[in-house]
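J.: Whatever this is, show me its structure:
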Amino acid sequence: MIQSSYYRTPSFGRKGNRPSVLTFHNANGLVGQSVIIETVKKILSHESIDCGYRLMTSYLKRDGYSINHKKLYRIMKEEGLLKLKNRIDRSGSGRKFVKFRKVVTVRRMECFEMDIKMVWVPNLGKNAYLLSIIDAHTRRILKDDFSFNIKQAQVIELLSLMFNQYDYPLNVVDRSDNGSQFIAIKVREYLGLIGVQ
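T.: Numbering: from 1, shown residues only. Got it, this is the predicted structure:
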């Protein structure tokens, strides 16, 4: 006689397997959840990193963890790491959002764009940062700075070097993302002082 898979009284319990408490690491073998939490906190403590669980999964995999995004989401949610209180505060910065993803220019130095890219340095085992300023019309890199730490003072210094080297019109526009270095009050004050929108 074949047993039925239906029951007279429902169990109302949580279905599925219990979530695993151990995660495999290439160098350390099986590690507990506390190790993952510490690693996530260490990554999020960096001033240039403000990411969610999907990008964090990529960081952990690169560091040798065998973990999927669903498990990491659960861990980060339980620990309150999905929305950290000390994350970069972007409110009240007075920033303007781009209306068009592709900018249309008619001359050089009408609009320039800034961005920071992370570059992994294998022999040092850490990230470096490349700050680049590009002319939107010619697509030429006007200035760049390669460093292990980029703060608002370095952004202002690079901008001043660029403006000393190139002639620019009065209505020049700066486009950037909402990185903490770009929306900092001192950077915005400097751009306003020299007539950059």
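
J.: F24: which element?
T.: Per DSSP states H and E, F24 falls inside strand 22-25.

J.: Can you name the element that comes right after that strand?
T.: Following strand 22-25 in sequence, per DSSP H and E, is strand 29-32.

J.: Just give me how far the next helix or strand after that next one sits from the chain centre.
T.: Using DSSP H and E, the helix or strand that follows strand 29-32 in sequence is helix 33-44. Chain-centre distance of helix 33-44: 17 Å, with C-alpha atoms, centre = their mean, to the nearest Å.

J.: for the strand holding F24, packing partners?
T.: strand 29-32, helix 33-44, strand 65-66 (3 or more C-beta pairs under 8 Å, 6 or more residues apart in numbering; DSSP states H and E). Glycine gets a C-beta too; all of them are placed from N, C-alpha and C.

J.: now for the second one, which elements pack on it?
T.: Right, the one you point to is helix 33-44. Helix 33-44 packs on strand 22-25, helix 53-62, helix 69-78, going by 3+ C-beta pairs under 8 Å, 6+ apart.

J.: between the ones you listed, which gets the lowest average pLDDT?
T.: Lowest mean pLDDT of the helices and strands packed on helix 33-44: helix 53-62, a mean of 84.

J.: Outside of it itself, list whatever touches it.
T.: For helix 53-62, contacts defined as C-beta atoms under 8 Å, 6 or more residues apart in numbering pick out 36, 39-40, 43-44, 51, 67-69, 72-73, 76, 82, 120.

J.: what residues does the strand holding F24 touch?
T.: Residues contacting strand 22-25 (C-beta under 8 Å, 6+ apart): 30-33, 35-36, 64-67, 71.

J.: now, which of those sits nearest D145?
T.: G64 (30.4 Å; C-beta to C-beta).

J.: The closest one contacts A27, doesn't it?
T.: Yes: taking contacts as C-beta atoms under 8 Å, G64 lies within contact range of A27: 5.7 Å.

J.: More neighbours: these two, which one.
T.: Using other C-beta atoms under 10 Å, the more surrounded residue of G64 and A27 is G64, with 12 against 7.

J.: what sits against the more buried one?
T.: Listed by C-beta under 8 Å, 6+ apart, the contact set of G64 reads 25-28.

J.: Mean confidence (pLDDT) on the biggest helix by length in the chain, please.
T.: Ranked by residue count, the top helix of the chain under DSSP state H comes out as helix 152-165. The average pLDDT for helix 152-165 rounds to 86.

J.: Show me what it is in contact with.
T.: Taking C-beta under 8 Å, 6+ apart as the rule, helix 152-165 contacts 112, 114, 131, 133, 142-145, 147, 180-182, 184, 186-187, 190-191, 194.

J.: how about stretch 179-197 as CSV, C-alpha atoms only?
T.: This file holds the C-alpha atoms of stretch 179-197, laid out as CSV (Å, rounded to 0.1, in the frame of the first residue of the first chain):
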residue,chain,number,x,y,z
GLY,A,179,29.9,59.2,-4.4
SER,A,180,30.6,60.7,-1.1
GLN,A,181,33.7,62.5,-2.5
PHE,A,182,31.7,64.2,-5.2
ILE,A,183,28.7,65.3,-3.2
ALA,A,184,30.8,66.6,-0.3
ILE,A,185,29.9,70.2,0.7
LYS,A,186,33.5,71.4,0.2
VAL,A,187,33.6,70.0,-3.4
ARG,A,188,30.2,71.6,-4.2
GLU,A,189,31.3,74.9,-2.7
TYR,A,190,34.5,74.9,-4.8
LEU,A,191,32.6,74.1,-8.0
GLY,A,192,30.1,76.9,-7.2
LEU,A,193,32.9,79.3,-6.5
ILE,A,194,34.5,78.8,-10.0
GLY,A,195,31.1,78.8,-11.8
VAL,A,196,30.7,75.1,-12.5
GLN,A,197,27.1,73.6,-12.5
